[in-house]
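J.: This is the structure alone, sequence omitted:
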């Protein structure tokens, strides 16, 4: 009988994954544009929501691929294999020989079975760890790519109107390209000087709405 998955544990795992993916993505973005992570610290709900948004597409893609693979296996490959084995006694003998070649005729002791189960669990957990690390690398690269696109458009002066914000800094209005906002502070880059400014969200900012959106 299969063990029931505790909903609290499942929720904790999902939260940890979203938090890790969001942090990796945000770290890649900040390091690419040389922003201070302490100045751009985000709240917990910002991190989780961002993780949900950036992971939605990859998760849907993985689900689609797994569903397609399982469908092909259960409705195509497996029935074809069973029909092939059932077709003749010769096919059955051939499959038995293949099984004996890989597994052998030796009777496995209980202690051997336990050790094999332990190894399989270790291998499975190791695979999960590798997949998790690769996912962090993927999301960090996505954050870096996002930052590189913003900076490239900035240097080419191809920014859309609503990405330019008007901020009052030192009692002077300054036009900045919006970069990001944390829980308390925001950051933007000036067009002519390429200087990056940090400013408090309490000061607020304004922008021109693009009518073509």
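T.: Yep, it's here. Predicted, not measured: the structure shown is a model, and the values here were computed from it.
J.: Could you list the buried residues of stretch 201-212?
T.: Residues residue 205 are the ones in stretch 201-212 that count as buried (16 or more other C-beta atoms under 10 Å). Any C-beta I mention is one placed from the backbone N, CA and C, and that applies to glycine too.
J.: average model confidence for it?
T.: Averaged over stretch 201-212, pLDDT sits at 76.
J.: So what touches it?
T.: 160-169, 176, 178, 181, 184-186, 188, 199 (C-beta atoms under 8 Å, 6 or more residues apart in numbering).
J.: now the strands for the protein?
T.: With DSSP state E as the criterion, the chain has strands at 164-169, 172-181, 185-190, 196-200, 206-207.
J.: Show me what the third one is in contact with.
T.: So that's strand 185-190. Taking C-beta under 8 Å, 6+ apart as the rule, strand 185-190 contacts 33, 35, 39-40, 154, 165, 167, 174-181, 195-201, 205.
J.: Please pick the buried ones from the residues you listed.
T.: So, by 16+ other C-beta under 10 Å, the buried ones in those are 33, 35, 40, 154, 165, 167, 174, 176-181, 196-197, 199, 205.
J.: list the buried ones in stretch 155-170?
T.: For stretch 155-170, burial by neighbour count (16+ other C-beta under 10 Å) applies to 163, 164, 165, 167.
J.: Can you find the helix or strand of this protein with the lowest average pLDDT?
T.: The helix or strand of the chain with the lowest confidence, counting by mean pLDDT, DSSP states H and E, is helix 89-102 at a mean of 76.
J.: helices and strands around it, which ones?
T.: helix 78-87 (3 or more C-beta pairs under 8 Å, 6 or more residues apart in numbering; DSSP states H and E).
J.: Got the domain ranges for the chain?
T.: Domain assignment of the chain by automatic domain parsing yields the ranges 7-157, 159-213.
J.: Least confident of the ones you listed, on average?
T.: Looking at the domains of the chain, the weakest mean confidence is domain 159-213, a mean of 85.
J.: mind checking the backbone torsions on residue 42?
T.: Backbone torsions for residue 42, taken as degrees, to the nearest 10, come to phi -110, psi 160.
J.: Please look at it and residue 184 and confirm they touch.
T.: No: contact criterion C-beta atoms under 8 Å: residue 42 and residue 184 do not qualify, at 9.4 Å.
J.: neighbour-wise, which of these two wins?
T.: Each of residue 42 and residue 184 has its neighbours counted (other C-beta atoms under 10 Å); residue 42 has more, 19 against 13.
J.: Just the helices from this structure, written as ranges.
T.: Applying DSSP state H to the chain gives helices spanning 7-32, 44-72, 78-87, 89-102, 110-155.
J.: and these, which is most packed in?
T.: When you average the neighbours per residue for each of those (mean count of other C-beta atoms under 10 Å), helix 7-32 leads with a mean of 16.
J.: tell me the angle that one makes with strand 172-181.
T.: Helix 7-32 runs at 130 degrees relative to strand 172-181, counting by axes from the mean of the first three to the mean of the last three C-alpha atoms, to 10 degrees.
J.: Check which helices and strands helix 7-32 is in contact with.
T.: By 3+ C-beta pairs under 8 Å, 6+ apart, helix 7-32 packs against helix 44-72, helix 110-155.
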